[in-house]
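Peer 1: coords please:
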Amino acid sequence: MDSLMAVRFILENWKLDNLSAAILLDIKDLMLEFEACLLQHTLRERNVAADFLGSLGHSSPPSLRIWDSPPSGVRPILTGEQLGTCFLRF
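Peer 2: Numbers count the residues shown, from 1 in each chain. The predicted structure follows:
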């Protein structure tokens with residue numbers, strides 16, 4: 001599922017016919033417990049570090065992983081994002 005579809009499902013009550021719908025309904029219910037909650041879609045080109053970490057997590061065995069510092073592959077991305085570098089989407 002595309003992240004934009006997930007945001008639209010939560011904010012605009014889009015209909016989904018897949019397994020992710022149950023998780024998204026839980027998210028929607030949890031959001032109601034907060035006084036204020038902001039949910040917005042960010043294009044991958046503007047959030048390359050999160051995309052990198054998501055891919056890293058997806059390709060790793062299912063377990064909790066806590067880093068004391070950013071993984072080596074994400075450091076140049078974080079520096080680029082901090083400097084306002086635009087990244088191309090492949």
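Peer 1: so where do the helices sit in this protein?
Peer 2: With DSSP state H as the criterion, the chain has helices at 3-12, 20-31, 48-58, 75-82.
Peer 1: Alpha carbons of the longest one, as CSV, please.
Peer 2: Extracted as CSV, the C-alpha positions of helix 20-31 are listed here (Å, rounded to 0.1, in the frame of the first residue of the first chain):
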residue,chain,number,x,y,z
SER,A,20,-3.5,-3.1,6.1
ALA,A,21,-7.0,-1.7,6.8
ALA,A,22,-7.1,-3.2,10.3
ILE,A,23,-3.8,-1.6,11.2
LEU,A,24,-4.9,1.8,9.8
LEU,A,25,-8.2,1.5,11.8
ASP,A,26,-6.1,1.0,14.9
ILE,A,27,-4.1,4.1,14.1
LYS,A,28,-7.2,6.1,13.5
ASP,A,29,-8.6,5.0,16.9
LEU,A,30,-5.4,5.8,18.7
MET,A,31,-5.3,9.3,17.1
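Peer 1: Let me know the pLDDT of the residue positioned nearest the centre of the chain.
Peer 2: In the chain, the C-alpha nearest the mean C-alpha coordinate belongs to residue 50, at 6.2 Å (CA atoms, centre = their mean). Note for residue 50: predicted pLDDT of 81.
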